[in-house]
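> turn this into a structure:
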Amino acid sequence: MPVIDAHSHIYPDKIACKASSAVGEFYGVDMNAKNASASALLAACEGSPITHHLVHSVATRPDQVATINDFIAEQCRLHPNFIGFATMHHDFEDMEGEIDRVMALGLKGVKIHPDTQKVNLDDPRLMGLYEIIAGRLPIVIHTGDYRYDYSHPRRLKRILRTFPNLVVDAAHFGGWSLFDYALEYLEDENCYVDTSSALEFLGPRRTVELARAYGIERIMFGSDFPMWSPVNEYNMLSAMPFTEDEFEAITWHNVERFIGQEIK
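Here you go, the predicted model:
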């Protein structure tokens, strides 16, 4: 059966190590030896049960948007097991035109990271983006960071209430480092959550508790490559006491529903 990693970052070869190091500096993790290229991601998963990768990158300036989107689209053309998500920046001039363009390129959604982009999740400029993509494309949103307020789950709650047709993955179990706060705000909302950058912090018992509190149908497996090894993350998840049907939903069917596409 397919196993889909719903949260992976990739960068062009010439900046793959530099970009990885920058991510590590942001989170206080030593990433200097990690290569975040597409080929490194594929090599890291070779021989494992992981068959597909939802890939993206983040624009920290508006002039990076089109270049990153072209790169992600090209990598998806080269690697059919990649599912590409576009980036967007809150100061990009023609959001609607770029969304039309990336859809024509075959990209399947959008990814934003309010903390590294330094913008509130419910900033009016981003509310404009949500209006454009609601009912058209899903979005992965980095949610939660104890050091910042940009991506707090309470901001996402407002967005979900404003745009009921917006399909959202609240990444990192709804709020990285704010896992219990996230459940408080998002338990009864209409969104997905992924497991990226969460399993190591939560441990098996709390992971299963949170997954069942949200509802298994909302949970998607994600690794946050290159931050963590996709294979190690998969192995941790597979060792947890989920039923076979629950595990299949988390690693396959829920991602299909999120992107609106069957994966075989």
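> how far does stretch 86-106 sit from the chain's center?
Stretch 86-106 has its C-alpha centroid displaced from the chain centroid by 17 Å (C-alpha atoms, centre = their mean, to the nearest Å).
> er, stretch 245-264 I mean
Centre-to-centre, stretch 245-264 and its host chain are 15 Å apart (C-alpha atoms, centre = their mean).
> buried sites along that stretch?
Buried residues in stretch 245-264, counted by 16 or more other C-beta atoms under 10 Å: 246-259, 263. Just so you know, the C-beta spots here come from the backbone N, C-alpha and C atoms, and that holds for glycine as well.
> from those residues, which single one is nearest Phe71?
Using C-beta to C-beta, Ile259 comes nearest to Phe71 of the buried residues of stretch 245-264, at 19.4 Å.
> for that closest one, which non-adjacent residue is closest in space?
Using C-beta to C-beta, 6 or more residues apart in numbering and skipping the chain neighbours, the partner closest in space to Ile259 is Lys108 (5.0 Å).
> about what we covered before: looking at the buried residues of stretch 245-264, which are in helices?
Residues of the buried residues of stretch 245-264 located in helices (DSSP state H): Glu246, Phe247, Glu248, Asn254, Val255, Glu256, Arg257, Phe258, Ile259.
> ranges for the strands of this structure?
Assigned by DSSP state E, the strands in the chain fall at 4-9, 52-56, 82-87, 109-112, 139-142, 168-171, 192-194, 219-220.
> longest helix of this protein?
The longest helix of the chain (DSSP H) is helix 199-214.
> what comes into contact with that one?
With C-beta atoms under 8 Å, 6 or more residues apart in numbering as the test, helix 199-214 has contacts from 173-174, 177, 179, 183, 186-187, 193, 195, 198, 219, 228, 233, 236-237, 239-242, 246, 250.
> let's see that with 6 Å instead.
By C-beta atoms under 6 Å, 6 or more residues apart in numbering, the list of residues contacting helix 199-214 from outside reads Leu183, Val193, Ile219, Met236, Met240.
> off-centre distance for that helix?
Distance of helix 199-214 from the chain centroid (C-alpha atoms, centre = their mean) equals 18 Å.
> alpha carbons of it, as PDB, please.
The C-alpha coordinates for helix 199-214 follow below in PDB (Å, rounded to 0.1, in the frame of the first residue of the first chain):
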ATOM      1  CA  LEU A 199       6.300  12.300  17.800                       C
ATOM      2  CA  GLU A 200       9.700  12.700  19.600                       C
ATOM      3  CA  PHE A 201       8.200  15.300  21.900                       C
ATOM      4  CA  LEU A 202       4.900  13.600  22.600                       C
ATOM      5  CA  GLY A 203       5.900  10.000  23.000                       C
ATOM      6  CA  PRO A 204       3.700   7.000  22.100                       C
ATOM      7  CA  ARG A 205       1.000   7.300  24.700                       C
ATOM      8  CA  ARG A 206       0.200  11.100  24.200                       C
ATOM      9  CA  THR A 207       0.500  10.700  20.400                       C
ATOM     10  CA  VAL A 208      -2.300   8.100  20.400                       C
ATOM     11  CA  GLU A 209      -4.400  10.100  22.900                       C
ATOM     12  CA  LEU A 210      -4.200  13.200  20.800                       C
ATOM     13  CA  ALA A 211      -4.800  11.400  17.500                       C
ATOM     14  CA  ARG A 212      -8.000   9.800  18.900                       C
ATOM     15  CA  ALA A 213      -9.100  13.100  20.500                       C
ATOM     16  CA  TYR A 214      -8.900  14.900  17.200                       C
END
